[in-house]
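Colleague: How does the following fold in three dimensions:
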Amino acid sequence: MTIVEMREKRAKLWATMEGFLDTHRNDKGVLSAEDDATYTAMEHDLDDLSNEIRRMERRDAREAELNKPVNTPIRETPEKPAVPEKTGRASNAYREDFGRHLRGKQPIHNVLSESTDADGGYLVPEEFEKEIIAGLDEGNVFRSIAKVITTRHDRKIPLAATHSVATWTPENAAFTESNPTFGQTHIDAFKLTDLVRVSVELLQDSEFDLEKYIAQEFARAFAIAEEQAFCTGTGVNQPTGLFTANGGTVGVTAASANAITADELISLIYALKSPYRKKAKFLMNDATVSLVRKLKDGNGAYLWQPSVQASQPDKLLGYDLVTSPYVPTVEAGAYAAAFGDFQNYWIADRAGRTVQRLNELYATNGQIGFVATERVDGKVILPEGIQLLQMKA
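Modeller: Predicted coordinates:
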């Protein structure tokens, strides 16, 4: 089945689900237990189709990338183009020495750069670091919508606290003074670490792609820890989460502790200033989406609409809907949804990730340990640019 057919099938299923709710609600406006089980099964089918469509889109994107030509056709007298020699951590010599370091062998070229971090280790080659970053981008939803910067030291960001105010002034009257004020916020760098153990037998296997394995393991672990901190981090030895008291601005407080209404979602949209709405998105947990998906407007049309175009997110009230498993779910007092321009949440990567080999710690188990370290911070820089929906306490 092609991806177009999958989208058409999902759209037809959604239309069937809409009709099912309209025709099977009883006089109290609810579904019977049997009908509820039927509708829940259709929801699972819809989620399965959505996941399969996203999987096929990723497959097509990778296939298109792999099918790109690797060079340009020769149009004149063939000659080998001059390729500038890579230096530093991008050089082949550095990558070769780093691979030997991972396997416990003596470097050949002696070009490895030691980390300035107190824990030691060697800075990873540029190609290796890019592989980790690619893994983070694929597995970390927050990084795809927030603003990501790279810093080499603590960064202070100036903020305009108040603006100047113009005043109508009569002729020959004194001017009214207006003094804008400024504040600042601070971006730090908190340390995130992961340790994996690899058996000596795997290290001795020349066919085993050690670098790829370690990069995938570190990318997966870092993506999970980062996403959770960017959503609900305390700000103590970790980033400050968006869905916390120090995150976005509470634009709407729900009237219920366990339900969200269509009117509250509309109010959340207009709690955000109009300039921010141009790039605004919704962000919530999948469990919250399952509740919101059944809401209708005054004309009986569903607020949520599935995407029918490749690489396009679902829509809620005309705005993109993004989900993360680490957004709080609907419960008393929780920040259950966010709406805004998420470029107002900054993620600051402190340049350079390190990998350290531990030869002796697990020697009695026949294993070698590898420690990866990165330093990162994240926080809302302009709270008015992201509005939160908080459930009733």
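Colleague: Going by C-alpha atoms from here, please, whenever you check contacts or count neighbours.
Modeller: Will do.
Colleague: three-state assignment of Gly283?
Modeller: Rather than Gly, residue 283 is Leu. strand (DSSP: H, G, I helix; E, B strand; the rest coil).
Colleague: Quick one: name whatever helix or strand follows the longest helix seen in the chain.
Modeller: Longest helix of the chain, by residue count under DSSP state H: helix 33-66. Proceeding N to C from helix 33-66, the next assigned helix or strand is helix 92-102, under DSSP states H and E.
Colleague: For that next one, which outside residues touch it?
Modeller: 86, 88-89, 106-112, 124-125, 127, 211, 357 (CA atoms under 8 Å, 6 or more residues apart in numbering).
Colleague: which stretch of helix or strand covers Arg10?
Modeller: Using DSSP H and E, Arg10 sits in helix 3-24.
Colleague: In that helix, which residues are buried?
Modeller: Residues Ile3, Met6, Arg7, Arg10, Ala11, Leu13, Trp14, Met17, Glu18, Leu21 are the ones in helix 3-24 that count as buried (16 or more other CA atoms under 10 Å).
Colleague: Distance of Asn368 relative to Ile108?
Modeller: Quick fix: residue 368 is Ile, not Asn. 21 Å (CA to CA, to the nearest Å).
Colleague: Which one's more surrounded, these two?
Modeller: Set Ile368 next to Ile108 and count neighbours by other CA atoms under 10 Å: Ile368 wins out with 23 against 13.
Colleague: what residues are up against the more buried one?
Modeller: Arg197, Val198, Ser199, Val200, Arg357, Leu358, Asn359, Glu360, Leu361, Tyr362.
Colleague: ditto for Gly333
Modeller: Gly333 touches Ala257, Gln390, Met391, Lys392, Ala393, counting by CA under 8 Å, 6+ apart.
Colleague: Lowest-confidence one in the residues you listed?
Modeller: Least confident entry in the contacts of Gly333, by pLDDT: Ala393, with 90.
Colleague: So it sits against Ala332, correct?
Modeller: Yes: using CA atoms under 8 Å, Ala393 makes contact with Ala332 at a distance of 4.8 Å.
Colleague: Between those two, point out the one with more neighbours.
Modeller: More crowded of Ala393 and Ala332, by other CA under 10 Å: Ala332, with 16 against 13.
Colleague: my guess is that one contacts Ala257, does it?
Modeller: Yes: contact status for Ala332 versus Ala257: in contact at 4.5 Å, counting by CA under 8 Å.
Colleague: got any residues that touch both of those two?
Modeller: Common neighbours of Ala332 and Ala257 (criterion: CA under 8 Å, 6+ apart): Met391, Lys392, Ala393.
Colleague: any idea which of those is closest to Asp60?
Modeller: Within those, proximity to Asp60 (CA to CA) peaks at Met391, which comes in at 40.1 Å.
Colleague: Now that closest one. Its backbone dihedrals?
Modeller: phi -70, psi 160 (degrees, to the nearest 10).
Colleague: Please report how far it lies from Val252.
Modeller: Taken as CA to CA, the span from Met391 to Val252 is 9 Å.
Colleague: Kindly report the same for Val380.
Modeller: On the measure of CA to CA, Val380 and Val252 end up 18 Å apart.
Colleague: Which of the contacts of helix 92-102 fall in helices?
Modeller: Judged by DSSP H, helices contain the following of the contacts of helix 92-102: Glu127, Glu211.
Colleague: Tell me how many other residues surround Thr373.
Modeller: 20.
Colleague: three-state assignment of it?
Modeller: Criterion first, three-state DSSP; result for Thr373: strand.
Colleague: Residues in a beta bridge with it, which ones?
Modeller: Thr193, Thr354 (DSSP bridges).
Colleague: So what's the residue count around the closest residue to Ala254 other than its chain neighbours?
Modeller: In space, and not counting its chain neighbours, Ala254 is closest to Met391: 4.8 Å by CA to CA, 6 or more residues apart in numbering. Using other CA under 10 Å, Met391 is surrounded by 23 other residues.
Colleague: cool, and Val165?
Modeller: Val165: 10 neighbours (other CA under 10 Å).
Colleague: ok, now how distant is it from Ser178?
Modeller: Where Ser178 is concerned, Val165 sits at a distance of 6 Å (CA to CA).
Colleague: can you pull out the strands in the stretch 251-393 of the chain?
Modeller: Using DSSP state E, counting those that start in this stretch, the strands assigned to the stretch 251-393 of the chain run over residues 281-284, 304-305, 314-316, 319-323, 335-340, 345-358, 367-380, 386-390.
Colleague: Distance to Ile53 added to those strands, as a markdown table?
Modeller: Output for the strands of the stretch 251-393 of the chain, formatted as a markdown table (distance: least, CA to CA, whole Å):
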| stretch | distance to Ile53 |
| --- | --- |
| strand 281-284 | 20 |
| strand 304-305 | 15 |
| strand 314-316 | 12 |
| strand 319-323 | 16 |
| strand 335-340 | 25 |
| strand 345-358 | 29 |
| strand 367-380 | 31 |
| strand 386-390 | 30 |
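Colleague: Now for Leu268: which residues touch it?
Modeller: Contacts of Leu268 (CA under 8 Å, 6+ apart): Gly251, Val252, Phe339, Gln387, Leu388, Leu389.
Colleague: any idea of the pLDDT on it?
Modeller: 96.
Colleague: so for stretch 171-181, what's the average pLDDT?
Modeller: pLDDT averaged over stretch 171-181 gives 78.
Colleague: which one is Ile214 nearest to, not counting chain neighbours?
Modeller: Val196 (7.9 Å).
Colleague: re the thing from before, now for Ala393 and Ala332: what residues contact both?
Modeller: Ala257.
Colleague: Give me the below-cutoff pLDDT ranges for the protein.
Modeller: 70-83, 111-122, 128, 130-139, 157-163, 180-183, 205-208, 306-312 (pLDDT under 70).
Colleague: if you set the cut-off to 90 instead, what comes out?
Modeller: Low-confidence segments of the chain, defined by pLDDT under 90: 1-36, 39, 46-141, 149-189, 195-221, 248, 262, 290, 292-318, 350-370.
Colleague: now the strands for the stretch 101-250 of the chain?
Modeller: So, for the stretch 101-250 of the chain - with DSSP E, counting those that start in this stretch - the strands run 122-123, 147-151, 155-160, 182-187, 190-199, 249-253.
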